[in-house]
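Engineer: Sequence and predicted structure, then a few things I'm wondering about:
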Protein chains: 2
Amino acid sequence: MGKLLVVGSVALDTVKTPFGEAAEVLGGSATFFSTAASFFTTVDLIAVVGDDFPPQHVAFLKSRGIDLTGLERRPGATFRWQGEYTHQLNEAHTLDTKLNVFETFRPKIPNAYRSPEVLFLGNIDPELQLDVLEKLPRPPLVACDTMNFWINGKREALWRVLEKVDILIVNDGEARALGGSPNLVKVAQTVLARGPKHLIIKRGEYGVLMFNEKQVFGAPAFPLEDVRDPTGAGDTFAGGFLGYLAATGNRTNEAIKQAIIFGSVMASFTVESFSLDRLRILDYKEIHERFRAFKRLTHFEDIA
Amino acid sequence: MGKLLVVGSVALDTVKTPFGEAAEVLGGSATFFSTAASFFTTVDLIAVVGDDFPPQHVAFLKSRGIDLTGLERRPGATFRWQGEYTHQLNEAHTLDTKLNVFETFRPKIPNAYRSPEVLFLGNIDPELQLDVLEKLPRPPLVACDTMNFWINGKREALWRVLEKVDILIVNDGEARALGGSPNLVKVAQTVLARGPKHLIIKRGEYGVLMFNEKQVFGAPAFPLEDVRDPTGAGDTFAGGFLGYLAATGNRTNEAIKQAIIFGSVMASFTVESFSLDRLRILDYKEIHERFRAFKRLTHFEDIA
């Protein structure tokens, strides 16, 4: 069972959806990612919080077996994000972002973290992603995320990152912006020619598509009666996906497809409650049951 | 092999997309539907055209083995639709609709059409859908489509139709308007409680979802490098779906799932060219190959 290293954000979120609201709750890409991954493997986390970060959140992450040696605590306030969703739950409307201590975040890598099986670079500045890659022996599997801010503002640095990663995980808007085409097949051709072996495109309530040289794989999102808060779904997907790959050590297409389903399973749980509340009470039996439900959702019999 | 009866529109379309344009080409819901279905079974068509309808279109539909006894020809002009798509191919922008002879369309059922295995009621006025249902002995399988114009304007008549049909096939916007919820699982509960045994929700480039009492099934749309014109994709889906069900005579969940894949296969071909141009040169071997490609696209191995 290989270790998974994640570099990203830990935040306090204030979120409003048509189904309720939550103020100053645990959030951040590395938080959702590492909690989801912790159901499959051991996770080392690199992030920064302020001196106002509540100790119960540290205790929760520790309870998930996540190594917090790399969780830097600095004077100042923790990263805050405030957002709202309408009934069109696929799109978050950011009301306020206060980077606070995250603004000057420079990832430091504890010695104990130096040989992960899998590395996930959250959507931080591509220069910082490159810096992490240069400071580590090349892990067997490297994946990254990014966002439109970097696609538009630091495209060259981002392409240099992509030359060095195996898997790029982005949403459809980001994929189109990066690949310069509305057509995702063309986007995949552009991206795969520049480095990554696999491109994973998250489409929110419409599920996910994966492109590599050999094949295309698609999975719908799990249809849910109650979606309360989509925050963190994408990061949770990435955590389940890479957590499973780190745990199996397998890199075949079949393992990658199963990992995509596990990522989709984890995301489907996250959106059922605010913050990480659903993951707090989740057990592995439920994960397996939903994996099987995904099979019933998508599989059909061959024709004679 | 059971016969399939379709009631709908035959039109002349003028369409512009980022990839080209086509003026006064063959279109209409019953046209796309019956052509797609004709790859699987024999089709009887009920529609109306004006005296300006080009004879080569009649010849094409006949060449597909479609029975045109029910294609009424009346003095006046054929139904015209003019639309445009931006790079956001999922949404058509209607520039002009001229109903012409379709405005006073009253379906007449030829005697030879009176015992179809499967009946598909295209998105005509629900009062006319009811009229067709009343004039026929109840076919073993009845499916229908509708549109927002009737959902908003003739909701009560539409619910009376739905009490009498087995399968409702609509797009996601229509499903939400009919079910009164943005959540498709809740929409399905509402719709299934009112009559239909199966609800099929078409989501354009995002594929399709099917709900019934026993299960949910989802399939992504086939990722294509070249999508030239999405016009008719939904009707082509319905034609492939019901054509396969009529051909097999099988109503099990497994047959319905396979039928959804055949519908998706047919839709994926239609969007590759303008009008029905791709279907004109399609052969059954290509259909089978894409069915298998759908399996590779969506299936994954069980976990140990």
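Structural biologist: Yep, that arrived.
Engineer: Tell me how many other residues surround the nearest residue to residue A:100 once chain neighbours are set aside.
Structural biologist: Distance criterion Cβ to Cβ, 6 or more residues apart in numbering or on different chains; nearest residue to residue A:100, sequence neighbours excluded, is residue A:77 at 4.1 Å. All C-beta atoms are positioned from the backbone trio N, CA, C, and that covers glycine. Residue A:77 has 17 neighbouring residues, counting by other Cβ atoms under 10 Å in any protein chain shown.
Engineer: contacting residues for residue A:77?
Structural biologist: Shown in contact with residue A:77 (Cβ atoms under 8 Å, 6 or more residues apart in numbering or on different chains): A:50, A:52, A:98, A:100-101.
Engineer: again, 7 Å this time
Structural biologist: A:50, A:52, A:100-101 (Cβ atoms under 7 Å, 6 or more residues apart in numbering or on different chains).
Engineer: Tell me how many other residues surround the residue lying closest to residue A:179 once chain neighbours are set aside.
Structural biologist: Spatial nearest neighbour of residue A:179, excluding adjacent residues (Cβ to Cβ, 6+ apart): residue A:187 at 2.9 Å. For residue A:187, the tally of surrounding residues (other Cβ under 10 Å) stands at 23.
Engineer: so residue A:187 is in which element?
Structural biologist: Using DSSP states H and E, residue A:187 maps to helix A:184-192.
Engineer: Name the strands paired with the helix or strand following that helix and say parallel or antiparallel.
Structural biologist: Sequence-wise, the next helix or strand downstream of helix A:184-192 (DSSP H and E) is strand A:198-202. Looking at strand A:198-202 with DSSP bridges, its partner strands are strand A:167-171 (parallel), strand A:208-212 (antiparallel).
Engineer: Same list (these) but as JSON lines, adding mean neighbour count.
Structural biologist: Listed next are these as JSON lines, based on neighbours: other Cβ atoms under 10 Å in any protein chain shown:
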{"stretch": "strand A:167-171", "mean neighbour count": "25"}
{"stretch": "strand A:208-212", "mean neighbour count": "23"}
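Engineer: okay, these in a markdown table with mean pLDDT next?
Structural biologist: A markdown table is the format used below for those (pLDDT from 0 to 100):
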| stretch | mean pLDDT |
| --- | --- |
| strand A:167-171 | 98 |
| strand A:208-212 | 98 |
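Engineer: For chain A, which residues are neighbours of chain B?
Structural biologist: With the criterion set to Cβ under 7 Å from any Cβ of the partner chain, chain A comes near chain B through A:87, A:182-186, A:203, A:206-207, A:209, A:215-218, A:220, A:223-225, A:227, A:254, A:257-258, A:261, A:291, A:295-303.
Engineer: So which of those are in strands?
Structural biologist: A:209, A:216-218 (DSSP state E).
Engineer: Pick out whichever of those sits closest to chain B.
Structural biologist: residue A:218 (3.5 Å; Cβ to the nearest Cβ).
Engineer: Okay, and the beta partners of the closest one?
Structural biologist: Beta-bridge partners, per DSSP bridges, of residue A:218: residue A:209.
Engineer: State the number of residues packed around it.
Structural biologist: Around residue A:218 there are 25 residues (other Cβ under 10 Å).
Engineer: How about residue A:163?
Structural biologist: Residue A:163: 12 neighbours (other Cβ under 10 Å).
Engineer: per-residue pLDDT, it?
Structural biologist: pLDDT, residue A:163: 97.
Engineer: Verify the stated contact: it with residue A:195.
Structural biologist: Yes. With contact defined as Cβ atoms under 7 Å, residue A:163 reaches residue A:195; the gap is 4.1 Å.
Engineer: measure residue A:149 to chain B for me?
Structural biologist: Residue A:149 is 22 Å from chain B, where distance means Cβ to the nearest Cβ, to the nearest Å.
Engineer: do residue A:245 as well
Structural biologist: 13 Å.
Engineer: one step back: emit the ChimeraX select command for whichever of the contacts of residue A:77 are buried.
Structural biologist: In ChimeraX syntax, the buried subset of the contacts of residue A:77 is picked out as below (16 or more other Cβ atoms under 10 Å in any protein chain shown):
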select /A:50,100,101
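Engineer: Of the contacts of residue A:77, just say which sits nearest to residue B:41.
Structural biologist: residue A:100 (64.8 Å; Cβ to Cβ).
Engineer: neighbours around the residue of the stretch 1-150 of chain A found nearest chain B, how many?
Structural biologist: Relative to chain B, the nearest point of the stretch 1-150 of chain A is residue A:87 (4.1 Å; Cβ to the nearest Cβ). For residue A:87, the count of nearby residues is 11 (other Cβ under 10 Å).
Engineer: is it true that it touches residue B:182?
Structural biologist: Yes. Between residue A:87 and residue B:182 there is a contact under Cβ under 7 Å: 4.1 Å.
Engineer: ok, residue A:144 touching residue A:160?
Structural biologist: No. Contact criterion Cβ under 7 Å: residue A:144 and residue A:160 do not qualify, at 11.6 Å.
Engineer: all helices for chain A, in order.
Structural biologist: For chain A, the helices defined by DSSP state H cover A:29-37, A:55-63, A:126-135, A:148-153, A:155-162, A:172-179, A:184-192, A:233-248, A:253-270, A:277-280, A:284-298.
Engineer: which of these sits most buried?
Structural biologist: helix A:29-37 (a mean of 30; mean count of other Cβ atoms under 10 Å in any protein chain shown).
Engineer: wait, what's in contact with the residue lying closest to residue A:272 once chain neighbours are set aside?
Structural biologist: When the adjacent residues along the chain are set aside, residue A:272 lies closest to residue A:278, with 4.6 Å between them (Cβ to Cβ, 6+ apart). Contact analysis of residue A:278 by Cβ under 7 Å, 6+ apart lists A:269-270, A:272.
Engineer: Kindly report the same for residue A:262.
Structural biologist: A:240-241, A:244, A:291.
Engineer: what separates the residue nearest to residue A:272 from chain B, distance-wise?
Structural biologist: 17 Å.
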